[in-house]
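**Q** Below: sequence and its predicted model.
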Amino acid sequence: MIGVGVMAEGVRLRLGIPTEPLPGFFPFVCGLFLTGLSAMLLARAVVERALRARHGGDQVDRARGRGVLVRPAILVAALMAYAVALDPAGYVVPTVFLAVIVLRVFEVTDWRKLATISLLLSVGTYYLFNRALNVPLPDGMLEALM
């Protein structure tokens, strides 16, 4: 459902075509991947749960419980906030925050690495797409600086 929401937000921002993408193209593609991967994970989980139920492994699933869901829930919430903030705030600032959250979820703890990777990723991809490839990305707050 989150992936579908991200795709809808991408459509609202206008998609364009693959050779001439508009600001909503990248969020739409990400939402499409999120939806597809979520469907595959859901199918896998249903099959594994059915197999465990046959062999009495359901107790292990209950013991792991909520701890397994916290990190994916943080990522989903971050992606939702990113999709909402992308147009008004522009591309660079929300991408920095999203990268920091993703790196923290994947247990990168060195704040210098977090800051460096997030800034380089955000600014680098902005200049790659917006300047080198002429793919319009939302400027947001950076519009005053340009």
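**A** Received it, and whenever you're ready, just let me know what you need. Computed from a predicted model, the values in this text were never measured in an experiment.

**Q** Now do stretch 71-80: distance to the chain's middle.
**A** Relative to its chain's centre, stretch 71-80 lies at 8 Å (CA atoms, centre = their mean, to the nearest Å).

**Q** Going forward, the N-terminal residue is numbered 30.
**A** With the count now opening at 30, the last piece we talked about shows up as stretch 100-109.

**Q** got a list of contacts for it?
**A** Under the contact criterion CB atoms under 8 Å, 6 or more residues apart in numbering, stretch 100-109 has outside partners 31, 34, 35, 59, 63, 126, 127, 130, 131, 134. Quick note: C-beta positions are derived from backbone N, CA and C, even for glycine.

**Q** between these, which has the most around it?
**A** Greatest neighbour count in the contacts of stretch 100-109, by other CB atoms under 10 Å, goes to residue 35: 26 neighbours.

**Q** What helix or strand is it located in?
**A** According to DSSP states H and E, residue 35 maps onto helix 31-41.

**Q** In three-state terms, label residue 137 for me.
**A** coil (DSSP: H, G, I helix; E, B strand; the rest coil).

**Q** ok, the residue nearest to it when sequence neighbours are not counted - contacts?
**A** Excluding its sequence neighbours, the residue lying closest to residue 137 (CB to CB, 6 or more residues apart in numbering) is residue 143, at 5.9 Å. Residue 143 makes contact with 129, 132, 133, 137, according to CB under 8 Å, 6+ apart.

**Q** What of residue 38?
**A** Contacts of residue 38 by CB under 8 Å, 6+ apart are 53, 56, 60, 112, 113, 115.

**Q** Redo those residues as a markdown table? Include pLDDT, distance to residue 157 and neighbour count.
**A** Output for the contacts of residue 38, formatted as a markdown table (pLDDT from 0 to 100; distance: CB to CB, whole Å; neighbours: other CB atoms under 10 Å):
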| residue | pLDDT | distance to residue 157 | neighbour count |
| --- | --- | --- | --- |
| 53 | 85 | 18 | 23 |
| 56 | 86 | 17 | 24 |
| 60 | 88 | 21 | 23 |
| 112 | 88 | 21 | 24 |
| 113 | 89 | 24 | 14 |
| 115 | 85 | 17 | 25 |
